[in-house]
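Undergrad: Structure for the following, please:
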Amino acid sequence: MFQFIGHYYEGKKPAFVDDLVGLLVGPMFVVGEAMFMAGWGRPLLAEIERRVGPTHLRDLAHPV
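TA: Numbers count the residues shown, from 1 in each chain. Predicted coordinates:
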């Protein structure tokens, strides 16, 4: 819901309007992240982090 409000505010249409693959990418990313957090796919996560680096949690109360 917030996504559609944001797109309306920006005056831009969502990417999946032109490319339906974009409609699948977001939910697949969320499911993948949830599975990694649950401990599934540790070798895959290790390979991803080896190639691009680990995820960093940011403290928004004290920005760098």
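
Undergrad: three-state assignment of the closest residue to Ala15 other than its chain neighbours?
TA: Spatial nearest neighbour of Ala15, excluding adjacent residues (CB to CB, 6 or more residues apart in numbering): Gly22 at 4.2 Å. Just so you know, the C-beta spots here come from the backbone N, C-alpha and C atoms, and that holds for glycine as well. Gly22 carries the three-state label helix when classified by DSSP: H, G, I helix; E, B strand; the rest coil.

Undergrad: what number of residues lie near Gly22?
TA: Neighbour count for Gly22, taken as other CB atoms under 10 Å: 12.

Undergrad: didn't it look like it was pressed against Gln3?
TA: No: because the distance of 11.8 Å does not satisfy CB atoms under 8 Å, Gly22 is recorded as not touching Gln3.

Undergrad: tell me, what's touching these two both at once?
TA: Here Gly22 and Gln3 share the contacting residues Pro14, scored by CB atoms under 8 Å, 6 or more residues apart in numbering.

Undergrad: what helix or strand does Pro54 sit in?
TA: Applying DSSP states H and E as the criterion places Pro54 outside every helix and strand.

Undergrad: Return the set of buried residues in the helix or strand of the chain with the lowest mean pLDDT.
TA: Comparing helices and strands within the chain by mean pLDDT, DSSP states H and E singles out helix 2-10 as the least confident, with a mean of 83. By 16 or more other CB atoms under 10 Å, helix 2-10 has no buried positions at all.

Undergrad: Output that helix as PDB, nothing but the C-alphas.
TA: Below are the C-alpha coordinates for helix 2-10, written out as PDB (Å, rounded to 0.1, in the frame of the first residue of the first chain):
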ATOM      1  CA  PHE A   2       2.800   2.400   0.900                       C
ATOM      2  CA  GLN A   3       4.600   1.600  -2.300                       C
ATOM      3  CA  PHE A   4       1.600   2.700  -4.400                       C
ATOM      4  CA  ILE A   5       1.200   5.900  -2.300                       C
ATOM      5  CA  GLY A   6       4.900   6.600  -2.900                       C
ATOM      6  CA  HIS A   7       4.600   6.000  -6.600                       C
ATOM      7  CA  TYR A   8       1.600   8.300  -6.800                       C
ATOM      8  CA  TYR A   9       3.400  11.000  -4.800                       C
ATOM      9  CA  GLU A  10       6.500  10.700  -7.100                       C
END
